[in-house]
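Participant: Just a sequence and a predicted model for now, questions to come.
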Amino acid sequence: MVLLASAVGPDFNPRRIERLLTVAYQSGGAPVVLLTKADLDEVLPYERQLAAIVPAVPVVAVSGLRGDGIQELRAYLLRGKTAVLIGSSGVGKSTLINHLLGAESLPTGEVHRSGQGRHTTSHRQLIKLPGGSMIIDTPGLREVQIWAGGDTLGVAFADIDDLARRCRFTDCRHRQEPGCAVIAAEAGGALDTSRLTNYRKLQGELRAIEVRADIRLRLEERRKWKVIHRAVRKGNKG
């Protein structure tokens with residue numbers, strides 16, 4: 001199980017959650033989104049944003065200080081299950097684990113008035129929780145690298161994947177092709193532009209990884225760029 005921790009407040013970033021969700025699916029783990037520091041703000045607006053981008057993924061609003069949502073979270077941490085807790089620095093991961101343990105076992109940072117915490121975890125640690133489950137605490141992630149496995153992108157962006165099936169061309173890249181259902185949905189306001197931009201960005205990263213890993217693709221990519229460079233040179237001469 002992959003617990004994706006994201007604090008409510010100004011640092012909340014749906015695009016970061018989309019990236020973490022893609023990584024979670026690539027790992028083969030079942031994702032659960034944790035809205036941490038739920039004591040600092042009204043959680044309903046954040047839950048609505050998540051419902052629009054991860055409708056099939058459980059969302060639990062938690063507070064490591066007050067204990068909000070802890071019982072709901074424990075329902076996922078069953079005996080014999082292992083979960084990894086990932087998220088940016090200062091989102092309250094260590095505080096949350098301490099609450100699950102019922103003891104101040106992990107060091108925690110001071111919380112600023114803005115609600116932003118300070119990074120305290122510096123290494124990965126496997127912790128046994130009461131009830132027989134295990135949880136891996138991780139250092140705060142500044143950047144998350146995805147890896148090969150483009151099919152998982154269709155799971156993390158299921159709405160875009162569904163739209164793509166309605167495109168006129170099966171190999172549509174959703175850029176400027178005629179009859180593209182994805183572009184039409186964006187133009188009509190049914191698909192958020194920033195979500196589509198993030199999808200394209202992750203798609204490009206996966207393509208680059210596949211090209212590096214596959215000699216045949218590298219050769220194809222090299223040939224493609226040779227054709228482009230020749231066309232540019234010819235155009236400049238004209």
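Facilitator: The structure has been received and is ready for your questions. All figures in this text were calculated on a predicted structure; none of them were measured in a lab. Numbering: from 1, shown residues only.

Participant: all contacts plus neighbour counts: C-alpha atoms, from now on.
Facilitator: Will do.

Participant: Please give me every residue in contact with residue 154.
Facilitator: With contact set as C-alpha atoms under 8 Å, 6 or more residues apart in numbering, residue 154 has these partners: 160, 161.

Participant: And it, how far from residue 69?
Facilitator: 30 Å (C-alpha to C-alpha, to the nearest Å).

Participant: go on, residue 125?
Facilitator: On the measure of C-alpha to C-alpha, residue 125 and residue 69 end up 23 Å apart.

Participant: between those two, who's got more neighbours?
Facilitator: residue 69 (17 against 13; other C-alpha atoms under 10 Å).

Participant: what's the nearest residue to that one if we skip its chain neighbours?
Facilitator: residue 62 (4.5 Å; C-alpha to C-alpha, 6 or more residues apart in numbering).

Participant: Give me the below-cutoff pLDDT ranges for this structure.
Facilitator: 103-123, 139-150, 211, 213, 215, 217-218, 236-238 (pLDDT under 70).

Participant: Could you chop it up by domain?
Facilitator: 2-137, 151-237 (automatic domain parsing).

Participant: Point out the most buried one among those domains.
Facilitator: Of all the domains of the chain, domain 2-137 carries the top mean neighbour count, a mean of 18, counting by mean count of other C-alpha atoms under 10 Å.

Participant: From start to finish, how long is it in a straight line?
Facilitator: Termini of domain 2-137 sit 11 Å apart (C-alpha to C-alpha).

Participant: How far off centre is it?
Facilitator: Taking C-alpha atoms, centre = their mean, to the nearest Å, the mean C-alpha location of domain 2-137 is offset from the chain mean by 13 Å.

Participant: Next: stretch 159-172.
Facilitator: 22 Å.
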